[in-house]
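*Asks:* Just need the structure, nothing else, for what follows:
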Amino acid sequence: MQRFARLAMAALVAAAVLGGARPSLAQDEAKPLIIGATRLFTIRQGDTLNGRQMSVQDRINHVQDVFAKHLGGPHSKVTWKAWGDRVHLYLNNEFVLAVTPADARGTAYKTAKQLAPVWVKGLQHGYAEGHVHAVRPGQ
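*Replies:* Numbers count the residues shown, from 1 in each chain. Presented below is the predicted three-dimensional model:
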């Protein structure tokens, strides 16, 4: 009888753990990065920024927040810097997003350094499209 009770308790604990993990897995599903009405590329993995775990949606929110600060400004410059096996992307010298090996594995690219130019081009396109919509006619 005691053995049956232990097995039942183990099954309940396992169900709770697996059931509790579902929302976090759903939160980290691949999502498109969209600036304005322009789809730039898909972010498929979470990451860590300054020691803080970031979901896919957190990464997208960060990019959109940085873009919001710079849209409507006189210029934009998207740059990148290799950082170990990662590549950090910057908009006007402000960190926007890291391209990670996990990001590369989720695509047809083998390394973050190979994927980075694609994401740089996407960010430049997103800024150009967003800038057109952020600046009022006659300015």
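
*Asks:* Helix, strand, or coil at the residue nearest to the spatial centre of the chain?
*Replies:* In the chain, the centroid-proximal residue (Cα atoms, centre = their mean) is residue 59; its distance is 3.5 Å. Secondary structure state of residue 59, per DSSP: H, G, I helix; E, B strand; the rest coil, is helix.

*Asks:* correct me, but it touches residue 52?
*Replies:* No - counting by Cβ atoms under 8 Å, residue 59 sits too far from residue 52 to count as a contact (11.3 Å). Placement of C-beta: from N, CA and C, glycine included.

*Asks:* before we move on, back to that, for the residue nearest to the centre of the chain, which non-adjacent residue is spatially closest?
*Replies:* Excluding the flanking residues, the one nearest residue 59 by Cβ to Cβ, 6 or more residues apart in numbering is residue 43, at 5.4 Å.
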